[in-house]
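Visitor: fold the following.
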Amino acid sequence: MDAQSEIVDVSESPLLSATKIALEDMYEDGTVDPVYQAKARVINNAIQEIGMGKYQIHLFICAGFGWFADSVWPLITGLILTQVTAEFSFDGPFLTLAANIGLLVGAIVWSAGCDIWGRRWSFNLTLLIAGVFGLSAGGSSNFVTLASLLAVVGVGVGGNMPVDSAVFLDLVPGTHQYLLTVMSVWWSLGQLLCSLLAWPLIANYSCPVDASVCERSQNMGWRYLLFTLGGITLLLWCLRFFLFTLVESPRFLVGIGKDAEAVSVIHKVAEYNSTSTGLSVEHLNQAAAQKPGDVKRPVLSRTSVYGLEHVKALFSTRKMAISTTLLIVLWGIIGLASTLYNSFLPYLLTSRGADYGDGSLSITYRNQFILSVIGIPGAFLAGWAVELPYIGRRGTLAISSGLTGAFLFASTTARSSNALLGWNCGYVFNSNIMYGVLYAVSAEIFPAKHRGTGNGMVSTATRVFGVIAPIIALYADIATAVPVYIAGALIIFAGVLAVLLPYEPRGKASI
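Guide: Take a look at the predicted model:
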């Protein structure tokens with residue numbers, strides 16, 4: 001038998017159909033590279049053929065560690081702010097500023113990097129950096145050291161959500177993309193654990209609130225908290241690195257012209273799931289050949305980001321440009337509002353509690369724990385809501401944003417600590433839905449070929465405005481309701497903008 005007769009005819013294979021196995025994608029012809037789009041549809045069909053299995057479940061857990069870290073470490077600055085300022089005597093917002101600068105750098109470096117050197121390096125290094133420097137931060141002897149170390153922690157943490165969302169979406173069947181929204185449950189669990197640890201550690205090992213002098217020996221609680229969370233982060237990195245093997249994104253490999261490696265990855269996932277797929281390189285070649293009227297564009301090189309090719313692709317058509325711009329604005333607005341409020345929430349609970357006669361550290365962190373518990377069911381409700389007809393991702397994002405802002409405004413009417421806690425419960429529940437949908441819809445809309453860059457752009461926007469938030473706090477009295485009014489108005493405005501997004505990912509497969 002000669003070599004020619006061994007070539008398999010795949011022209012009638014269901015893997016070449018956009019409708020026989022997987023969901024259709026949301027892009028009109030011409031929005032993305034047509035050859036890449038054709039191949040990505042074949043990859044989607046193969047992933048759908050494999051189905052939701054053991055590999056995707058394990059990936060849901062390991063990628064969730066990134067959500068966990070992104071929740072824990074930005075929250076830390078707010079949880080330890082009162083105790084650290086008492087010991088080191090500095091303006092509190094400067095600590096938040098340092099942490100957010102680190103988050104900004106991380107968002108830029110890791111997100112863009114995963115479109116250059118692939119997802120695996122970014123996925124495996126971010127938690128390691130956060131854990132090592134988070135553990136070291138607990139030994140800080142002065143403010144400069146603490147701020148510097150938390151900034152480096154931010155560099156690691158800043159890349160977690162953009163990279164991990166891209167990794168998960170690249171390997172999950174289109175019918176299960178809603179799980180990216182449910183992934184925010186890890187964010188809530190991070191808040192829960194952080195608050196649960198802070199409650200006994202800071203409440204029992206901190207200087208009294210009214211102490212005129214705060215010595216290190218009397219104020220070890222925040223250090224114990226950093227040691228503990230740094231150790232937990234390192235443990236999660238070990239689980240992710242040693243017990244789970246992340247395969248490279250097949251869509252990334254197709255995007256840089258490595259079709260054979262992409263096919264090999266798909267077969268590895270199928271084998272891990274104890275199933276099989278008929279995908280071959282010939283399927284990808286045949287898909288590309290079915291675009292006779294299109295000029296085949298060259299694949300992007302690993303370094304094409306330096307030529308801004310990935311950025312240009314996200315503004316290649318009017319509809320895509322509007323979508324990308326709106327997502328950047330949404331992330332910026334919500335990032336500013338949430339950082340402005342969340343970073344100073346423990347301080348607000350303490351100061352308002354003192355006004356109401358119950359501002360002890362124990363009550364403050366008890367309330368923080370309650371708020372963390374409230375956020376968990378929000379993640380599951382979000383996963384259900386985004387699949388509802390006529391509502392979908394855009395509607396869920398708009399409604400949850402509006403309710404989040406409304407609860408913020410309502411919190412200013414509180415005349416007791418319990419009333420303030422009640423309004424904040426409503427805020428946390430709805431904001432967890434809002435954030436879960438925002439993270440998911442952004443990753444779903446950006447094509448995988450440019451998803452790292454797109455996620456990086458929106459994450460950079462939220463980190464830039466996150467840096468602005470403590471600057472606002474430096475000039476606005478954080479003991480008043482001014483930051484709350486600003487945050488509430490911004491989030492309600494974001495809900496209006498969400499309705500204007502031109503793409504609705506519900507019922508569509510990401511490519």
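
Visitor: what's the residue nearest the centre of the chain in contact with, if anything?
Guide: Nearest residue to the geometric centre of the chain (Cα atoms, centre = their mean): residue 161, 3.0 Å. Shown in contact with residue 161 (Cβ atoms under 8 Å, 6 or more residues apart in numbering): 66, 67, 70, 439, 455, 459. (C-beta placed from N, C-alpha, C; glycine too.)

Visitor: what's the answer for residue 366, then?
Guide: Counting by Cβ under 8 Å, 6+ apart, residue 366 touches residue 199.

Visitor: give me the pLDDT value at it.
Guide: For residue 366, the pLDDT comes out at 82.

Visitor: tell me the spacing between it and residue 417.
Guide: When distance is defined by Cβ to Cβ, to the nearest Å, residue 366 is 10 Å away from residue 417.

Visitor: tell me, how many residues neighbour residue 245?
Guide: 11 (other Cβ atoms under 10 Å).

Visitor: what of residue 325?
Guide: Residues within reach of residue 325, counting by other Cβ under 10 Å, total 12.

Visitor: can you list the weak-confidence ranges in the stretch 1-150 of the chain?
Guide: Scanning the stretch 1-150 of the chain for pLDDT under 70 picks out the ranges 1-23, 29-30.

Visitor: in the stretch 401-511 of the chain, which spans are helices?
Guide: Listed in chain order, the helices of the stretch 401-511 of the chain (DSSP state H, counting those that start in this stretch) span residues 417-445, 451-475, 482-499.

Visitor: again, but for the stretch 1-150 of the chain
Guide: 34-50, 54-88, 93-113, 119-137, 143-157.

Visitor: between these, which gets nearest to residue 228?
Guide: Residue 228 lies closest, by Cβ to Cβ, to one member of those: helix 119-137, at 9.2 Å.

Visitor: now distance to residue 337 too, for the helices of the stretch 1-150 of the chain, in a markdown table please.
Guide: Listed next are these as a markdown table, based on distance: least, Cβ to Cβ, whole Å:
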| stretch | distance to residue 337 |
| --- | --- |
| helix 34-50 | 35 |
| helix 54-88 | 14 |
| helix 93-113 | 14 |
| helix 119-137 | 24 |
| helix 143-157 | 19 |
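
Visitor: the ones you listed: which one's closest to residue 375?
Guide: Checking those against residue 375 by Cβ to Cβ gives helix 54-88 as the closest, at 9.2 Å.

Visitor: buried residues of the closest one, list them for me.
Guide: 55-56, 59-60, 62-88 (16 or more other Cβ atoms under 10 Å).

Visitor: kindly report the same for stretch 147-158.
Guide: In stretch 147-158, counting by 16+ other Cβ under 10 Å, buried: 147, 148, 149, 150, 151, 152, 153, 154, 155, 156, 157, 158.

Visitor: any chance you could list what contacts that stretch?
Guide: Here stretch 147-158 has contacts from 69-70, 73-74, 76-77, 94-95, 98-110, 125-131, 133-134, 136-137, 140, 459, 463, using Cβ under 8 Å, 6+ apart.

Visitor: need the CA coordinates for it. CSV is fine.
Guide: Extracted C-alpha coordinates of stretch 147-158, given in CSV (Å, rounded to 0.1, in the frame of the first residue of the first chain):
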residue,chain,number,x,y,z
ALA,A,147,4.7,47.4,51.1
SER,A,148,7.5,46.2,48.8
LEU,A,149,6.9,42.5,49.6
LEU,A,150,3.1,42.8,49.1
ALA,A,151,3.8,44.6,45.8
VAL,A,152,5.7,41.6,44.6
VAL,A,153,2.9,39.3,45.9
GLY,A,154,0.7,41.4,43.7
VAL,A,155,2.9,40.8,40.7
GLY,A,156,2.2,37.1,41.1
VAL,A,157,-1.5,37.4,42.0
GLY,A,158,-2.2,39.9,39.2
